[in-house]
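A.B. asks: Have a look; sequence and predicted model below, questions after that.
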Amino acid sequence: MHARPIAYAARVTSHLSVAVVGAHGRMGRAVCDAVDGAPDLELVARLDASDDVAGLAGGPAQVAVDFTVPSVTEANVHALLDAGLHVVVGTTGWTEESLGRVRDHLAEVSSGTGGGPGVLIAPNFALSAVLAMTFAQRAARFFESAEVIELHHPNKVDAPSGTAMTTARHIAAARAEAGLGPMPDATETQVDGARGAVVDGVHVHAVRLRGLVAHEEILLGNPGEQLTIRTDSFDRSSFMPGVLLAVREVVRRPGLTFGLDQVLDLG
Ligand SMILES: NC(=O)C1=CN([C@@H]2O[C@H](COP(=O)(O)OP(=O)(O)OC[C@H]3O[C@@H](n4cnc5c(N)ncnc54)[C@H](OP(=O)(O)O)[C@@H]3O)[C@@H](O)[C@H]2O)C=CC1
Ligand SMILES: O=C(O)C1=N[C@H](C(=O)O)C[C@H](O)C1
């Protein structure tokens, strides 16, 4: 049920038409402005919690960008695929299981000739964060210890951040591939949670502090040395080039793409 009709702007057919889901949120507002300011993109719909994304079917939007909340993003993606759109997702909360269900859905609706819709899900669209995750994954096999600290604004709904979860999983995969065992840790905790969450064997710590936007430190340690990889998003403008790149890329990448690193030439 629509609480209010979805407002469509006039379509400029030579442009890629974009709908933003979660348009009134912190990221949604920034994405609307960025799409509005891009010469090759046309913002045709802004949707929020009171709108039904299925209402986009048959409309002008070709790509939907979802920045909503972890509890609804998967359902949005399935509904948007049913509505015939390509989808870019920045919302967090994805698991191997939910990604698998999107892969299955994409297989069902693909044309069978290598065509069909694309879904691009990225835990972080900021270049510095994408590079930090990549560098951490590459460095992980050389260090005995690795821990992740993510630091965010206090209005963030989830912890650990999607970026930290992905970073930890990548570090764990690189360690496993290199045959590294558990990290050294003789500590007995006096208070639950003192050592943070454990994601695939990697400790992840979440800081929520007024004044922060989105930050992450990856600490890698060996006897007598430490490598610190740090990324800071001081402003949501840091995510916009990556979001716009994803919008342009998703229409020519059928199937599921996870991570902006997949569309960057990182060597
Ligand atoms: N990948 C990346 O680079 C980044 C990812 N993020 C992630 O993006 C997500 C959003 O973050 P942020 O913008 O800060 O959060 P906000 O809470 O500011 O925005 C979320 C918006 O989604 C709306 N919403 C809730 N449910 C629905 C629904 N069913 N359909 C449509 N819209 C809905 C909310 O509306 P209402 O308030 O009315 O409920 C709100 O306007 C988070 O998961 C965050 O972690 C954030 C920054 C960068
Ligand atoms: O909620 C946020 O703000 C952010 N969410 C994403 C995450 O959880 O990793 C990306 C970035 O850290 C900002």
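C.D. replies: That came through, no problem. Ligands and ions are numbered 1, 2, ... in the order given.

A.B. asks: Make sure residue 77 is indeed in a helix.
C.D. replies: Yes: applying DSSP: H, G, I helix; E, B strand; the rest coil, one finds residue 77 inside a helix.

A.B. asks: and the chain, what are its domains?
C.D. replies: 16-124+237-263, 127-234 (the TED database).

A.B. asks: Tell me which residue of the stretch 51-200 of the chain lies closest to ligand 1.
C.D. replies: Closest residue of the stretch 51-200 of the chain to ligand 1, C-beta to the nearest ligand atom: residue 90 (3.3 Å). To be clear about C-beta, it is placed using only N, CA and C from the backbone, and glycine gets the same treatment.

A.B. asks: Now that residue. Nearest residue, chain neighbours left out?
C.D. replies: Spatially, and ignoring its direct neighbours in sequence, residue 90 is nearest to residue 67 (4.9 Å; C-beta to C-beta, 6 or more residues apart in numbering).

A.B. asks: Kindly report the same for residue 71.
C.D. replies: residue 93 (7.3 Å).

A.B. asks: Likewise for residue 53?
C.D. replies: Residue 53 sits nearest to residue 79 (C-beta to C-beta, 6+ apart), 4.8 Å away.

A.B. asks: And that neighbour, how far from ligand 2?
C.D. replies: Using C-beta to the nearest ligand atom, to the nearest Å, residue 79 is found at 22 Å from ligand 2.

A.B. asks: Can you tell me which residues in the chain are near ligand 2?
C.D. replies: For the chain, the residues in contact with ligand 2 (C-beta under 6 Å from any ligand atom) are 92, 123, 124, 152, 156, 161, 162, 163, 214.

A.B. asks: redo that, cut-off 5 Å
C.D. replies: 92, 124, 156, 161, 162, 163, 214 (C-beta under 5 Å from any ligand atom).

A.B. asks: okay, these in TSV with secondary structure next?
C.D. replies: Below are the residues of the chain next to ligand 2 laid out as TSV (three-state DSSP):
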residue	secondary structure
92	coil
124	coil
156	coil
161	coil
162	helix
163	helix
214	strand
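
A.B. asks: now for those, which pair is the farthest apart?
C.D. replies: The two members of the residues of the chain next to ligand 2 with the most space between them (C-beta to C-beta) are 124 and 156, at 13.0 Å.

A.B. asks: Sounds good, over and out.
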